[in-house]
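Asks: sequence and predicted structure are below.
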Amino acid sequence: MLAITEDAAAAIEGIVASSGLPEGAGLRITQELNTETQGTPRTDLRLSLVESAEEGDEVLEGTQIFLEPEAADFLDNKLLDADVEGEEVSFNAEVRFSLDVQAESL
């Protein structure tokens, strides 16, 4: 299951809270399979603010994160972290999310 750092959880909470979306809204992560110019496959993840989880989404307990089933499989042993520019997280803040492999998966 995807693990989330405190920084990432706080960033997501701040973004969702300042988005103007109703209670129950969250960040949905979906997966897209694309091809590099050299022909090699590439997995892209898309983050979007949504009013609620879609049917079949995995909802991470205690968070406002909804994972599309394919994305949940891809993120199974990953750790989501966030780096926020500035002192306050808001919808307009610059947030950089990053993924790493969970330590116990190594």
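Replies: Happy to help now that I have it.
Asks: got phi/psi on the residue nearest to residue 64 when sequence neighbours are not counted?
Replies: Leaving aside its chain neighbours, residue 64 sits nearest to residue 26 (3.5 Å; criterion: CB to CB, 6 or more residues apart in numbering). (Each C-beta comes from the backbone N, C-alpha and C, glycine too.) Backbone torsions of residue 26, given as degrees, to the nearest 10, read phi -170, psi -170.
Asks: for residue 26, name its beta-bridge partners.
Replies: residue 50 (DSSP bridges).
Asks: equivalent analysis for residue 31, please.
Replies: Under the criterion used here (DSSP bridges), residue 31 is bridged to residue 45.
Asks: if I look at residue 60, how far off is residue 38?
Replies: 34 Å (CB to CB, to the nearest Å).
Asks: looking at these two, which is more packed in?
Replies: Taking other CB atoms under 10 Å, residue 60 and residue 38 do not tie; residue 60 has more neighbours (22 against 6).
Asks: ok, the more buried one - contacts?
Replies: 1-2, 4, 66-67 (CB atoms under 8 Å, 6 or more residues apart in numbering).
Asks: same deal with residue 54?
Replies: Under the criterion of CB under 8 Å, 6+ apart, the contact partners of residue 54 comprise 28, 66, 68.
Asks: kindly report the same for residue 35.
Replies: By CB under 8 Å, 6+ apart, the contact set of residue 35 is 41-42.
Asks: now residue 7
Replies: 81-84.
Asks: and the residues you listed, which are buried?
Replies: 81-82, 84 (16 or more other CB atoms under 10 Å).
Asks: output those residues in CSV; the columns should cover distance to residue 8, secondary structure and pLDDT.
Replies: Below are the buried ones among the contacts of residue 7 laid out as CSV (distance: CB to CB, whole Å; DSSP: H, G, I helix; E, B strand; the rest coil; pLDDT from 0 to 100):
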residue, distance to residue 8, secondary structure, pLDDT
81, 5, strand, 95
82, 4, strand, 92
84, 10, strand, 81
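Asks: reformat these as JSON lines; add distance to residue 49.
Replies: Output for these, formatted as JSON lines (distance: CB to CB, whole Å):
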{"residue": "81", "distance to residue 49": "19"}
{"residue": "82", "distance to residue 49": "15"}
{"residue": "84", "distance to residue 49": "16"}
